[in-house]
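Peer 1: Provided below are the primary sequence and the corresponding predicted coordinates.
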Amino acid sequence: TGKALVFPPEAYSIRFNEQGKVKEFTVGYPMDRRVGNTGGLGGAFGYFYGVGNPLPIPECKPYKMSWQFACLNWISRTTRRFQGVKVEE
């Protein structure tokens, strides 16, 4: 596709068994979804989204704030303004 993919920073984790051998290795957990051009997705989901062919499942869609959460954020900002707290937008 000729697109350069920029992934968000990702976290990795390793779990070991009693013998000290790797039991599970996880990859692709985005730490800051605002970075990059993969819709905040990491791993294979970010790759497919970034090249323009996201998989047709909800987990492969970028984060979108719900109207309920947006409403709570608005109430919080408005309340802080009345309290005299400087609010960054």
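Peer 2: In hand now; what should we look at?
Peer 1: which SSE is the residue nearest the centre of the chain in?
Peer 2: Using Cα atoms, centre = their mean, the residue of the chain that lies closest to the mean C-alpha position is residue 33, 3.5 Å off. For residue 33, there is no enclosing helix or strand under DSSP states H and E.
Peer 1: contacts only, for the nearest residue to it once chain neighbours are set aside.
Peer 2: Take residue 33 and drop its neighbours on the chain: the residue closest to it by Cβ to Cβ, 6 or more residues apart in numbering is residue 40, 2.7 Å away. Where C-beta positions appear, they are placed from N, C-alpha and C, glycine not excepted. Taking Cβ atoms under 8 Å, 6 or more residues apart in numbering, we find residue 40 in contact with 8, 30, 33, 34, 46, 62, 63.
Peer 1: now stretch 49-57: mean pLDDT?
Peer 2: For stretch 49-57, mean pLDDT is 88.
Peer 1: how much space between residue 40 and residue 34?
Peer 2: The gap separating residue 40 from residue 34 is 7 Å, by Cβ to Cβ, to the nearest Å.
Peer 1: which residues are in contact with both of these two?
Peer 2: With Cβ under 8 Å, 6+ apart, residue 40 and residue 34 have common neighbours residue 8.
Peer 1: return the list of strands paired to the biggest strand by length in the chain, each annotated with direction.
Peer 2: Scanning the chain for the strand with the most residues, using DSSP state E, yields strand 22-30. Pairing partners of strand 22-30, with direction, according to DSSP bridges: strand 10-16 (antiparallel).
Peer 1: ok now the strand it pairs with, how far from the chain's centre?
Peer 2: Distance, stretch centre to chain centre, for strand 10-16: 17 Å (Cα atoms, centre = their mean, to the nearest Å).
Peer 1: same check on stretch 3-15?
Peer 2: 10 Å.
Peer 1: buried set for that stretch?
Peer 2: For stretch 3-15, burial by neighbour count (16 or more other Cβ atoms under 10 Å) applies to 7, 8, 10.
Peer 1: any weak-confidence spans in this protein?
Peer 2: 1, 85-89 (pLDDT under 70).
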